[in-house]
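**Student:** following is a predicted model, sequence given first.
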Amino acid sequence: MEEKILNTKKNGMPVMLLCILLYVAAILGIVFGGINLDKGRMIGLALFIPGIVWVALGWIPFCGLKVLKPQEALVLTLFGKYIGTLKGEGFYFVNPFCTGINPAAATKLSQSGDVDNSQNNLLGVLTNANSANAAAVQAAENGKKISLKIMTLSNSRQKINDCLGNPIEIGIAVMWRVVDTAKAVFNVDNYKEYLSLQCDTALRNIVRIYPYDVAPGVDTTGDGIADEGSLRGSSETVAMRIRDEIQSKVETAGIEILEARITYLAYAPEIAAVMLQRQQASAIIDARKMIVDGAVGMVEMALDRLSERGTVQLDEERKAAMVSNLLVVLCGNKDAQPVVNSGSLY
């Protein structure tokens, strides 16, 4: 379905003024026609009948008046046939029998900047029956407008297993907009629901490739080589892959995905406590390794300094005892409490 833009229809104001003038002329024709009919003049009939017909049917052209605000569009059909799309702000006049169509008009997505159709209170209390009919048609058309603004979709958090089988909870925010109104309306049943479903599907497809944290022997790029990709450490890459995956699915619906961002990432509650203990244990091991490396370096430096300067001559047994004591002091969790030997060293 090719989108056709109607650019030559911005003549709503002249048509509206013409219709109002014709209403005034019709009312005057009815008045003067009635006067002439009372006097028996046939010209009164020529004025009275057209005036009555216009007053009864003159509201129909008003149904062809369309007002669009910036970043709005209206897809028009005539007896089931697509005739074009109105885009851009302006006051338009189209065939009064054209109808706007938007299957997703009643669908509201989370945090979505949909077109606000709540301002259809329309002029308070309408006293004229014809004006009431035109207003009802106009209110229905307002609900068919399609927003071309950048909108945000924030679906509920999903529980997904990562590539290691660990259940995680993840949420994303997707920035999107409609770029082809014909595809959005005619290629899918409801483009908003379609987008929401494709976002959930793409999120599952990408998250299953990555581990939550860096894991050995995991290939996340598909090149057969293990890498250090992870959901927590490669969030930019993951978000880009999610965006590309969604875009490939919604291209047929005339939707452009501008950006996708991870808004929430955590282990599922059933394993969160266990994984926290695992992270704490890993941190303790890394800290211990650093402490031991530093202690060994300090002991080596002490022995080398003593040997170079000849301050104290120690045999292998005394060196071992010194190394043991220094390691206990440097690697212990608590402050050392030395015991002073007042006698001979031997």
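**Tutor:** Done, it's in. Numbers count the residues shown, from 1 in each chain.

**Student:** what sits against residue 327?
**Tutor:** Neighbour list for residue 327: 295-296, 299 [criterion: Cβ atoms under 8 Å, 6 or more residues apart in numbering]. All C-beta atoms are positioned from the backbone trio N, CA, C, and that covers glycine.

**Student:** make it 7 Å
**Tutor:** Residues counted as contacts of residue 327 (Cβ atoms under 7 Å, 6 or more residues apart in numbering) are 295, 299.

**Student:** now do it against residue 263, distance only.
**Tutor:** 48 Å (Cβ to Cβ, to the nearest Å).

**Student:** repeat for residue 36
**Tutor:** For residue 36, the distance to residue 263 - Cβ to Cβ - is 75 Å.

**Student:** more neighbours: the two, which one.
**Tutor:** More crowded of residue 36 and residue 263, by other Cβ atoms under 10 Å: residue 36, with 17 against 11.

**Student:** distance of residue 156 relative to residue 105?
**Tutor:** Counting by Cβ to Cβ, the separation of residue 156 from residue 105 is 23 Å.

**Student:** more crowded one of these two?
**Tutor:** Using other Cβ under 10 Å as the criterion, residue 156 and residue 105 rank with residue 105 on top: 19 against 7.

**Student:** that one reaches residue 144, doesn't it?
**Tutor:** Yes: assessed by Cβ atoms under 7 Å, residue 105 is found in contact with residue 144 at 5.8 Å.

**Student:** low-scoring stretches of the stretch 151-300 of the chain, by residue?
**Tutor:** The model of the stretch 151-300 of the chain has no residue with pLDDT under 70.

**Student:** just the strands in it please.
**Tutor:** For the stretch 151-300 of the chain, the strands defined by DSSP state E, counting those that start in this stretch occupy 151-153, 158-161, 167-178, 255-267.

**Student:** turn the ones you listed into JSON lines, including distance to residue 188.
**Tutor:** Shown next, in JSON lines, are the strands of the stretch 151-300 of the chain (distance: least, Cβ to Cβ, whole Å):
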{"stretch": "strand 151-153", "distance to residue 188": "15"}
{"stretch": "strand 158-161", "distance to residue 188": "22"}
{"stretch": "strand 167-178", "distance to residue 188": "12"}
{"stretch": "strand 255-267", "distance to residue 188": "9"}
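
**Student:** please identify the most buried of those.
**Tutor:** Highest mean neighbour count of the strands of the stretch 151-300 of the chain: strand 167-178, a mean of 20 (counted as mean count of other Cβ atoms under 10 Å).
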